[in-house]
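Asker: Based on what follows, work out the 3D shape:
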Amino acid sequence: MNRLYDLPPHEVVAGVKNRHFSAEEYVSQIRERILKLDANINAFVNVNSDEAINVARKIDSKINAGEKVGALAGVAVGVKDNISTKGLRTTCASKILGNYVPPYDATVIRKLKEQDAIIIGKLNLDEFAMGSTTEFSKFGPTKNPWNLDYVTGGSSGGSAAAVAAAECTVSLGSDTGGSIRCPASFCSVAGFKPTYGLVSRFGLIAYSNSLEQIGPIARTVPGIISLMNVISGIDTNDDTTRKADAPYSQEITNSRLKIALIKDLTNGAQTEVSKCIYSAMDIFSSANCICDEVSLESLEYALASYYIIAMAEASSNLARYDNIRYGFDLDPDGYEWNSYYSKVRSNFGEEVKRRIIVGSYVLSSGYYGRYYLKAQKVRALLKQQFKALYSKYDVIISPTMPILPFKIGEKIDDPIKLYYVDVDTVVSNLTGMPAISIPAGFSHGLPIGLQIMADEFQEQKIFDAALHFEKSAKIQGRPAI
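Answerer: Alright, predicted model coming up:
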């Protein structure tokens, strides 16, 4: 039997539309693969098996009747468990949300369904998307398909691991400080954070409203583009959205790009990572791209500024979780309001509690100006400096992650070391600019990711560079499982 689960999105759509195989056959293979592998990987928290098969049958019936089907007809999409799915449990990997079932679909889910994509299930994450390893989940850590002893990265670890292991063809994650790109790098898949406002956040359970974006994960860049052509654009439910330049091309539109490598991020990475990124620069140079190295002193303040802003917004957003409107089973009898509220919120995980406390502190009287306002000033400075760079260059490259994947449990007790792994990715969230991570190589059998960034709403420039590198470098796309 053909391994239908290995097909990229466009081949799934073509195969289903041309009746080379049915959507039901394809989804059945995906379901069997999840049953076979996921007990070890732990990417899924909820598999939508029966509904997925029913939707597949409906797509097959439409095709057999000669009816028109959507651009993603039959494609199995995994969804990070902080994106609302009507009738399908959405927990943010937290006890706080218990068995919460949203009464509506997020805009991105509605758009996928309109194009006949199939939601195959919900994927594991760090609780409320707060983490860089997917170890902070009530469902336990997701394991890296390349080596099950290692972390997947986070917070969209389930989304990246499921795609890497071919448990779904593509997935959705959310990226607040690198939460799509980090696991994409650690799992050797492609992960894209769009420009802020390009993809609706309606239905995304908020962590940090001014930083976060929903984005796609796929094994290759064309898969990323396929999803972006569906999920991007204006949404009346999200006033931050704007009209997209879609459809984005899956062919290179500009082969002679001007590329800058950020020395500050590359030279500060592990030796193996740094060498890999300079090798990527050589690939671009040999393809007649114009390549330079640049430096930005203000980058040293980016990580601290990011965490101040993100934690401040998190402390505000998470204040709503009081177990009154939704939550887990806890009988209020015998409690007065303060004790009940305290008891409920003690069920947040340790990392979420830490971020709430820090966020409340930096917003408190006497510290707001000392921390939060300064962080916003750094944010404005970074955006100004990157705008100046993009007046000279098409894209900017760096490592996605400064280190190789590490073993599960190795850094969990040291928050500072965990926060440091975001040092290369937070800049794009602070500036609102797009960025992608694509596979760049391996060291000791562990993946390394290349980050490509561009100015606001210049997604096609990123896709051109990523397609260029992907075709030239030919990095292995999936672990042998």
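
Asker: can you give me the strands in the stretch 351-481 of the chain?
Answerer: 395-399, 435-443, 446-453 (DSSP state E, counting those that start in this stretch).

Asker: Listing partners with orientation, what would you give for the shortest one?
Answerer: When sheet partners are counted by DSSP bridges, strand 395-399 sits next to strand 258-262 (parallel), strand 446-453 (antiparallel).

Asker: re earlier: out of the strands of the stretch 351-481 of the chain, the one nearest residue 71 is which?
Answerer: Residue 71 sits nearest to strand 435-443 of all the strands of the stretch 351-481 of the chain, at 20.8 Å, using C-beta to C-beta. Just so you know, the C-beta spots here come from the backbone N, C-alpha and C atoms, and that holds for glycine as well.

Asker: mind exporting stretch 367-374 as CSV, just the C-alpha atoms?
Answerer: What follows is stretch 367-374, C-alpha atoms only, in CSV (Å, rounded to 0.1, in the frame of the first residue of the first chain):
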residue,chain,number,x,y,z
TYR,A,367,7.6,49.4,38.5
TYR,A,368,5.5,50.1,35.4
GLY,A,369,7.8,52.9,34.2
ARG,A,370,11.0,51.1,35.3
TYR,A,371,10.3,47.9,33.4
TYR,A,372,7.2,47.9,31.1
LEU,A,373,7.6,51.3,29.5
LYS,A,374,11.4,50.7,29.0
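
Asker: Can we start the residue count at 26 from this point?
Answerer: All set: I'll call the first residue 26, so the last point we hit is now stretch 392-399.

Asker: May I see the buried residues of that stretch?
Answerer: Using 16 or more other C-beta atoms under 10 Å as the test for burial, stretch 392-399 gives 396, 397, 399.

Asker: With respect to burial, which of the strands paired with strand 420-424 scores highest?
Answerer: strand 471-478 (a mean of 28; mean count of other C-beta atoms under 10 Å).

Asker: could I have that strand exported to CSV, CA atoms only?
Answerer: Only the C-alpha atoms of strand 471-478 are listed here, as CSV (Å, rounded to 0.1, in the frame of the first residue of the first chain):
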residue,chain,number,x,y,z
LEU,A,471,20.0,16.4,16.1
PRO,A,472,18.3,19.0,13.8
ILE,A,473,19.4,22.7,13.3
GLY,A,474,17.1,25.3,11.9
LEU,A,475,17.7,28.3,9.7
GLN,A,476,15.6,31.4,10.5
ILE,A,477,14.7,33.8,7.6
MET,A,478,13.1,37.1,8.4
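
Asker: Taking strand 460-468 as reference, get the angle to it.
Answerer: Angle of strand 471-478 versus strand 460-468, following axes from the mean of the first three to the mean of the last three C-alpha atoms, to 10 degrees, is 150 degrees.

Asker: hey, where'd the strands end up in the stretch 176-325 of the chain?
Answerer: 195-200, 215-218, 238-243, 283-287, 315-319.

Asker: For residue 465, which of those strands is the nearest?
Answerer: Using C-beta to C-beta, the nearest of these to residue 465 is strand 215-218, at 11.0 Å.

Asker: Off-centre distance for the closest one?
Answerer: Average the C-alpha atoms of strand 215-218, do the same for its chain, and the two points are 6 Å apart (C-alpha atoms, centre = their mean, to the nearest Å).

Asker: Mind checking the pLDDT average for it?
Answerer: Here strand 215-218 scores 98 as its mean pLDDT.

Asker: If you count contacts, what does that strand end up packed against?
Answerer: strand 195-200, helix 206-212, strand 238-243, helix 246-256, strand 460-468, helix 484-498 (3 or more C-beta pairs under 8 Å, 6 or more residues apart in numbering; DSSP states H and E).

Asker: now do 6 Å
Answerer: Judged by 3 or more C-beta pairs under 6 Å, 6 or more residues apart in numbering; DSSP states H and E, strand 215-218 is in contact with strand 238-243, helix 246-256, strand 460-468.

Asker: got TSV for these, with distance to residue 389 too?
Answerer: Shown next, in TSV, are these (distance: least, C-beta to C-beta, whole Å):
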stretch	distance to residue 389
strand 238-243	28
helix 246-256	38
strand 460-468	32
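
Asker: I'd like these as a markdown table, with mean pLDDT, mean neighbour count and distance to residue 487 appended.
Answerer: Output for the helices and strands packed on strand 215-218, formatted as a markdown table (pLDDT from 0 to 100; neighbours: other C-beta atoms under 10 Å; distance: least, C-beta to C-beta, whole Å):
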| stretch | mean pLDDT | mean neighbour count | distance to residue 487 |
| --- | --- | --- | --- |
| strand 238-243 | 98 | 29 | 12 |
| helix 246-256 | 98 | 25 | 9 |
| strand 460-468 | 98 | 25 | 5 |
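
Asker: which stretch among the ones you listed comes nearest residue 320?
Answerer: strand 460-468 (18.7 Å).

Asker: just the helices in the stretch 276-425 of the chain please.
Answerer: 288-291, 296-311, 327-342, 362-370, 375-388, 398-415 (DSSP state H, counting those that start in this stretch).

Asker: now, of those helices, which is deepest in the fold?
Answerer: helix 327-342 (a mean of 22).

Asker: Mind checking the strands paired with strand 420-424 for the one nearest to residue 161?
Answerer: strand 471-478 (21.3 Å).

Asker: Right, I'll call it a day here.
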